[in-house]
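Enquirer: I would like the atomic coordinates for the input below:
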Amino acid sequence: WIVKPAAAYCGKGITLHRSSDGLPEPLRSQKGVACTYVHPPFLINGLKSDIRLYVLVSSWHPLVVYIYEEGLARFATEQYNLDSLDQRCSHLTNYSLNKHSKLFNHAEDDGVGSKWTLSAFRNQLQETVGAEKAEQIWRFVDDMVVKTALAVEPLMTEALRTFLTAAAEDRPNSQCFQLFGFDVMLDGNGRPWLLEVNLDPALRTESPLDLKVKSQMLVDLLNLVGVRVPEESLRCDSQSACESCAPASVFDESGVDTGGTNPACSGQSATESQRRPTQEQIEQAMLHHVNAEFRRSTQGKWRRLFPAKNSKDYFPFLDPSRTLHKLPFAV
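Expert: Below you'll find the model as predicted:
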């Protein structure tokens, strides 16, 4: 068993335990997460590893999930050996733990040190298991990410409806998006296992490799969600810094495309801008918003997992009353 205490991070407090009769009794009263230890793991040069995947959810209703094509692979620094459970740097792949090991390899060449890019890991995996098997593994990873999002979609959708007016009215919004850090490990058969999902993935750049991967990921993310640099031409005629003119969304309060102008600055009355849109207007606005976001994603390395050509495979997991999930989005 591997046990991670509650409210801990960076590998702190993680312990390993042997037991053939389930979780040891002394651990049952502890607050934390206990998981069956994955053995044997997939090894590279005799070392355990896990991969950090960056996942973006730009909308919960409709559900819109992207995965970044680049990421990180983190390695343990001691040879894998199940005989001793006390060798933390043999069993745990946390970078924050292993970077303090004397065996940590700081090599800057990709695919050599104790931290690689996901691209280098992909190449090594393909060399080890073959192209066909590797492709199957990555399909399983994609499926895992989508199903993880599906598992929490009801909770997140209701929470957004409570705290965000646009979500409560099924209108597109650009105010909320979430970057997640998925930590995944492969077992000896190449099966991916989800270790955890980080709500606040580390974005520190402690090495040139970190800077390369994370900076480009963030640039592509901000371009995808449509964050734009304010321009003088978007201000009111009075040249005042009118907050209502901020180009956060090209949709007015009714969910109708306004071409980037705000009703308050275009002579449209408050009554007109606040009227409840029809279902057709809501759907057209959402299609426009999600499809425009999808087009922007093709300019970087974000790949959309849902909606996708195989979306129907996941419809049984979704509440049929939330119809926006099934709109005919561009794929």
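
Enquirer: low-scoring stretches of the protein, by residue?
Expert: 231-274 (pLDDT under 70).

Enquirer: Quick one: list the elements packing against the longest helix anywhere in it.
Expert: Determined from DSSP state H, the single longest helix within the chain is helix 131-163. If you count contacts as 3 or more C-beta pairs under 8 Å, 6 or more residues apart in numbering; DSSP states H and E, helix 131-163 packs onto strand 49-60, strand 63-68, helix 118-129, helix 165-168, strand 178-186, strand 192-198, strand 302-306. No exception for glycine: its C-beta is placed from N, CA and C like everyone else's.

Enquirer: Out of those, which is closest to P154?
Expert: strand 49-60 (9.1 Å; C-beta to C-beta).

Enquirer: could I get the helices and strands packed on helix 131-163 as CSV with mean neighbour count?
Expert: Shown next, in CSV, are the helices and strands packed on helix 131-163 (neighbours: other C-beta atoms under 10 Å):
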stretch, mean neighbour count
strand 49-60, 23
strand 63-68, 24
helix 118-129, 17
helix 165-168, 16
strand 178-186, 19
strand 192-198, 16
strand 302-306, 21
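
Enquirer: Where do the helices of the stretch 151-300 of the chain begin and end?
Expert: 165-168, 208-225, 270-274, 279-297 (DSSP state H, counting those that start in this stretch).

Enquirer: can you list the ones you listed in CSV and add distance to A308?
Expert: As requested, these are exported to CSV (distance: least, C-beta to C-beta, whole Å):
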stretch, distance to A308
helix 165-168, 23
helix 208-225, 16
helix 270-274, 34
helix 279-297, 10
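
Enquirer: Nearest to L155, out of those helices?
Expert: Between the helices of the stretch 151-300 of the chain, helix 165-168 lies closest to L155; by C-beta to C-beta that is 13.1 Å.

Enquirer: what about stretch 20-37, how long is it end to end?
Expert: One end of stretch 20-37 to the other measures 12 Å (C-alpha to C-alpha, to the nearest Å).

Enquirer: Likewise for stretch 321-331?
Expert: Stretch 321-331: ends 23 Å apart by C-alpha to C-alpha.

Enquirer: What residues of the longest helix of the chain count as buried?
Expert: 134, 137, 141-142, 144-146, 148-150, 153, 156-157, 160-161 (16 or more other C-beta atoms under 10 Å).

Enquirer: Nearest to C10 among those?
Expert: T148 (22.1 Å).

Enquirer: which residues touch the closest one?
Expert: Going by C-beta atoms under 8 Å, 6 or more residues apart in numbering, T148 touches 182, 194, 197.

Enquirer: H325 versus that one, what's the distance?
Expert: According to C-beta to C-beta, to the nearest Å, T148 and H325 sit 16 Å apart.

Enquirer: cool, and L222?
Expert: 26 Å.

Enquirer: For those two, indicate the residue with more neighbours.
Expert: H325 (24 against 13; other C-beta atoms under 10 Å).

Enquirer: thought the more buried one was touching W60?
Expert: No. Applying C-beta atoms under 8 Å as the test, H325 and W60 come out as separate, 9.7 Å apart.

Enquirer: okay, now E70: neighbour count?
Expert: Residues lying near E70 (other C-beta under 10 Å) number 17.

Enquirer: Quick one: classify the residue lying closest to I14 once chain neighbours are set aside as helix, strand or coil.
Expert: Of all residues not flanking I14 in the chain, K4 sits nearest, at 5.1 Å (C-beta to C-beta, 6 or more residues apart in numbering). Following DSSP: H, G, I helix; E, B strand; the rest coil, K4 is assigned to strand.

Enquirer: Report the beta-bridge partner residues of K4.
Expert: V33 (DSSP bridges).

Enquirer: Touching stretch 100-107 from outside, list them.
Expert: With C-beta under 8 Å, 6+ apart as the test, stretch 100-107 has contacts from 77-78, 89, 98, 112-114, 207.

Enquirer: at 10 Å instead, please
Expert: Applying C-beta atoms under 10 Å, 6 or more residues apart in numbering, the contact partners of stretch 100-107 are 47, 75-79, 88-89, 95, 97-99, 112-116, 207, 209.

Enquirer: and those residues, which of them are in strands?
Expert: With strands taken from DSSP state E, the overlap with the contacts of stretch 100-107 comprises 75, 115-116.

Enquirer: Relative to Q124, how far out is the spatially most central residue of the chain?
Expert: Against the mean C-alpha coordinate of the chain, by C-alpha atoms, centre = their mean, the closest residue is V55 at 1.8 Å. Separation of V55 from Q124 (C-beta to C-beta): 22 Å.

Enquirer: same check, this time on R191
Expert: With C-beta to C-beta as the criterion, R191 and Q124 are 17 Å apart.
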